[in-house]
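1. Here is the input, now give the coordinates:
(one chain, ligands or ions: 1)
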Amino acid sequence: SHSITKNMSANNFPTLKNDRILKAAKGEKPDKLPIWIMRQAGRYLPEFMEFRKQHSFFEICQTPSLACEVTLMPIKRYDLDAAIIFSDILVIPQALGMIVEMRPGVGPVLPEPLTLENLKELNKEGAVSRLQYVGEAITLTRHKLEGKVPLFGFSGAPWTLMGYMIEGGGSKTLSKAKKWLYAYPEISHQLLELLTNVITDYLVMQIQAGAQIIQVFDSSAEYLNRHLYAKFCLPYLKKIASGIREKSTALNLEQVPLILFAKGAHFSLAEQADLGYDVLGIDWTMNPNHVRSTLKNKNITVQGNLDPCALYAPKEELAQMVKDMVKSFGTERYIVNLGHGIYPDAPTEAVQTFIDAVHSIPL
Ligand SMILES: Cc1c2[nH]c(c1CCC(=O)O)Cc1[nH]c(c(CCC(=O)O)c1C)Cc1[nH]c(c(CCC(=O)O)c1C)Cc1[nH]c(c(C)c1CCC(=O)O)C2
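-> Now for the predicted structure:
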């Protein structure tokens, strides 16, 4: 491993050639509208499915050379404007000592979910050092990308991780995790605080390793309402952003753009703009005009929000939907993406159509 990482430290990276996303995130004008796709390194790619026959999901996550190879798959195939490191939000519960299995056709399963009784067994000491493999994958990928596009790091948000940890996997209602918020608010706050601290240090480690932009996924925001979101999510999301800023300064790291994707949290869009993130991810259910009017004067970039199912439409219609979406959002402070992750059966040609439609729009 020493020879692989020789000359591949986190301080001699190749020069970045495409900074469209970084520019858009900072409110500067890029040469073309930037686009990347949530879950772009995943199952809709035949080369990923082929790769998965040889390697289990977490084997890929935990082996930097494998994670790097998968991260580069969509970059080799498409003219995307960013790469996102191959990993999962559930590596944090894993690093805290929980068992996480990825079951084919089912999704993630945590066979021993969190209870009031086993809560104190969570092993936060050294959690981030147990995630060092993600940092190594990031550093390696920064070199292998040769500066082609910037590299995203990411994490799940505290509430979304709490949800998976208590439910033991995906859920239609999140009623077990929501029960904690209503019945055990103090314990819930302690858990969310613990997760906030781990997430902050984990993301700083990713930046130190070479992540050039960060996205926080609050994919389960949609199960809460305005009151619960204000009480159990917004303060922690704010603490993560300010914690990253402060620790980056203390470590002499560059400040990287931060993106918050709170899926379905339309009830708190204006409040999200005041948490210290540069970009807000917008899910596919939201009306771009409403988003822009809610966020006017907030100096914030938006990202989104094409319906992932629009990729099933005929080519011409897809291209037209992209044009209409861009017209509604406007081209300033805008990063194009889907409004949630791409589906495993999305046609690979539709991704090309999507990207071409975005890049052909004059700025
Ligand atoms: C909620 C969530 C998870 N993981 C993630 C989220 C937040 C984004 C979202 O809301 O979709 C984030 C994630 N998961 C994965 C990435 C890799 C980078 C990328 O975006 O390309 C990222 C950024 C790989 C993955 N994570 C997973 C796969 C497929 C598993 C496989 O290869 O067998 C991949 C490529 C599995 C996973 N992991 C998770 C679920 C619910 C599932 C199964 C169902 C599904 O895929 O949507 C948890």
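
2. what about Q303, which helix or strand?
-> Assigned by DSSP states H and E, Q303 belongs to strand 301-306.

3. Dump whatever helix or strand comes next after that strand to PDB, restricted to CA.
-> Once the chain leaves strand 301-306, the next helix or strand it forms, by DSSP H and E, is helix 315-329. Below are the C-alpha coordinates for helix 315-329, written out as PDB (Å, rounded to 0.1, in the frame of the first residue of the first chain):
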ATOM      1  CA  LYS A 315     -35.400  12.200 -25.800                       C
ATOM      2  CA  GLU A 316     -37.000  15.400 -27.200                       C
ATOM      3  CA  GLU A 317     -39.500  15.700 -24.300                       C
ATOM      4  CA  LEU A 318     -36.600  15.200 -21.800                       C
ATOM      5  CA  ALA A 319     -34.600  18.000 -23.500                       C
ATOM      6  CA  GLN A 320     -37.600  20.300 -23.400                       C
ATOM      7  CA  MET A 321     -38.300  19.600 -19.700                       C
ATOM      8  CA  VAL A 322     -34.600  20.500 -19.000                       C
ATOM      9  CA  LYS A 323     -35.000  23.800 -20.900                       C
ATOM     10  CA  ASP A 324     -38.200  24.600 -19.100                       C
ATOM     11  CA  MET A 325     -36.700  23.800 -15.700                       C
ATOM     12  CA  VAL A 326     -33.600  26.000 -16.400                       C
ATOM     13  CA  LYS A 327     -35.900  28.800 -17.600                       C
ATOM     14  CA  SER A 328     -37.800  28.700 -14.300                       C
ATOM     15  CA  PHE A 329     -34.800  28.600 -12.100                       C
END
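
4. Would you indicate which residues of helix 315-329 are buried?
-> Across helix 315-329, burial judged by 16 or more other CB atoms under 10 Å covers 318-319, 321-322, 325-326, 329. Using the backbone N, CA and C atoms, a C-beta is placed for each residue, glycine as well.

5. picking up where we left off before, who does the strand holding Q303 pair up with?
-> strand 279-282 (parallel), strand 334-338 (parallel) (DSSP bridges).

6. As CSV, those strands with mean pLDDT and mean neighbour count would be great.
-> Shown next, in CSV, are these (pLDDT from 0 to 100; neighbours: other CB atoms under 10 Å):
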stretch, mean pLDDT, mean neighbour count
strand 279-282, 98, 25
strand 334-338, 98, 27
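
7. Now render those as TSV, adding distance to the ligand.
-> Shown next, in TSV, are the strands paired with strand 301-306 (distance: least, CB to the nearest ligand atom, whole Å):
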stretch	distance to the ligand
strand 279-282	10
strand 334-338	10
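
8. any chance of those strands in JSON lines, plus distance to C309?
-> What follows is the strands paired with strand 301-306, written out as JSON lines (distance: least, CB to CB, whole Å):
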{"stretch": "strand 279-282", "distance to C309": "16"}
{"stretch": "strand 334-338", "distance to C309": "9"}
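
9. circling back to that earlier point, same list, the buried residues of helix 315-329, but only the ones touching the ligand.
-> Filtering the buried residues of helix 315-329 for proximity to the ligand (criterion: CB under 6 Å from any ligand atom) leaves nothing.

10. Of those, just say which sits nearest to L363.
-> Nearest to L363 among the buried residues of helix 315-329: V326, at 10.1 Å, using CB to CB.

11. Could you check how far the closest one is from T115?
-> 47 Å (CB to CB, to the nearest Å).

12. repeat for P288
-> 42 Å.

13. With neighbour numbers in mind, choose between these two.
-> Counting neighbours by other CB atoms under 10 Å for P288 and for T115 shows that P288 has the greater number, 19 against 10.

14. Now do the buried residues in the strand holding Q303.
-> Residues 301-306 are the ones in strand 301-306 that count as buried (16+ other CB under 10 Å).

15. interface residues of the stretch 51-200 of the chain facing the ligand?
-> 52, 57, 84, 86-90, 102, 107-108, 154, 170.

16. and V216, helix, strand or coil?
-> With DSSP: H, G, I helix; E, B strand; the rest coil as the basis, V216 sits in strand.

17. how many other residues sit next to it?
-> V216 has 25 nearby residues by other CB under 10 Å.

18. Pairing partners for it in the sheet, please.
-> Here V216, judged by DSSP bridges, has bridge partners S155, L260.

19. these two touch, right, it and F154?
-> Yes: between V216 and F154 there is a contact under CB atoms under 8 Å: 7.1 Å.

20. so how far is Y133 from C68?
-> From C68 over to Y133 (counting by CB to CB), the distance is 11 Å.

21. ignore the last one, L72
-> Distance from L72 to Y133, by CB to CB: 17 Å.

22. ok, and does stretch 34-44 reach over to the ligand?
-> Yes: Stretch 34-44 comes into contact with the ligand (CB under 6 Å from any ligand atom), by way of 38-43.

23. got TSV for those, with pLDDT and neighbour count too?
-> Shown next, in TSV, are the residues of stretch 34-44 next to the ligand (pLDDT from 0 to 100; neighbours: other CB under 10 Å):
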residue	pLDDT	neighbour count
M38	98	23
R39	98	17
Q40	98	26
A41	96	23
G42	95	20
R43	97	14
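
24. who's in contact with the residue lying closest to N118 once chain neighbours are set aside?
-> Once flanking residues are discounted, N118 sits nearest to E112: 7.3 Å by CB to CB, 6 or more residues apart in numbering. E112 makes contact with 98-99, 118, 168, according to CB atoms under 8 Å, 6 or more residues apart in numbering.

25. Output the set of residues of the stretch 201-350 of the chain in proximity to the ligand.
-> Residues of the stretch 201-350 of the chain lying close to the ligand (CB under 6 Å from any ligand atom) are 217, 219, 263, 341.
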